[in-house]
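Trainee: no sequence on this one, just coordinates:
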């Protein structure tokens, strides 16, 4: 008989998992910018702007190039919407767990690429996994979160800081601090990644692998033991 969970959150919704994923997001941003073409692959706003600029300047070949990462990100969203419906029926693992395991595998493989390999291999792969991670991990214990970029965390921190200044309520201050903590973790991940890239170049991505391994082990333990009877329960926000 399936157990029911009341008043608690699934492991894939726990803040500790989001802390790890936020750190890995910052590390991926630092990695691609430092040694994989001076670009950010965690989100696509920049590529959309560059696409528009290329079109405006009549550089249609260059514009077509920017469609590649955008389409990779789009594909990641599509896959992460369709696959969970099939994966969650297997009765063994959650989609969230398998996704982090897949990200772990991708980052390990990227570390084996020679430095002469085209940057686009790493860029497209990271576009794809970041899109899936963003679309899969949506709420940390009821708080909407993004783990691959920071803009919304800055906005949310500002909103709750304003509420606290107006009402002096502890809940708003705690929510503000929660978003600021996510920002600091992202920042720390980027800093560590930049440091590792100075010495290890492409193999610095294995630092991301280590963080993802911790998240994967946590989620796998939950699926196999702690939450074995809750695999059909859908995380909040989905």
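Mentor: Received the coordinates, thanks. This structure is a prediction, so every number in the text was calculated from the model and none was measured.

Trainee: how about the strands in the protein?
Mentor: Under the criterion DSSP state E, the chain contains strands at 139-140, 143-144.

Trainee: who does the first one pair up with?
Mentor: Strand pairing for strand 139-140, using DSSP bridges, gives strand 143-144 (antiparallel).

Trainee: mean confidence score for the partner strand?
Mentor: Averaged over strand 143-144, pLDDT sits at 90.

Trainee: looking at the strands of the chain, which is closest to residue 172?
Mentor: Each of those has some distance to residue 172 by CB to CB; the shortest is strand 143-144, at 12.4 Å. C-beta here means a position set from N, CA and C on the backbone, and glycine is covered the same way.

Trainee: how far off centre is the closest one?
Mentor: Relative to its chain's centre, strand 143-144 lies at 14 Å (CA atoms, centre = their mean, to the nearest Å).

Trainee: what's in contact with it?
Mentor: 138, 152, 156, 175, 178, 237 (CB atoms under 8 Å, 6 or more residues apart in numbering).

Trainee: max-length helix in the chain?
Mentor: Secondary structure assigned by DSSP state H gives helix 170-200 as the longest helix of the chain.

Trainee: quick revisit: now pLDDT and distance to residue 120 too, for the contacts of strand 143-144, in JSON lines please.
Mentor: Output for these, formatted as JSON lines (pLDDT from 0 to 100; distance: CB to CB, whole Å):
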{"residue": "138", "pLDDT": "93", "distance to residue 120": "29"}
{"residue": "152", "pLDDT": "91", "distance to residue 120": "28"}
{"residue": "156", "pLDDT": "94", "distance to residue 120": "33"}
{"residue": "175", "pLDDT": "93", "distance to residue 120": "39"}
{"residue": "178", "pLDDT": "94", "distance to residue 120": "36"}
{"residue": "237", "pLDDT": "73", "distance to residue 120": "32"}
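
Trainee: which of those residues are buried?
Mentor: Neighbour-count burial (16 or more other CB atoms under 10 Å) applied to the contacts of strand 143-144 gives 138, 156, 175, 178.
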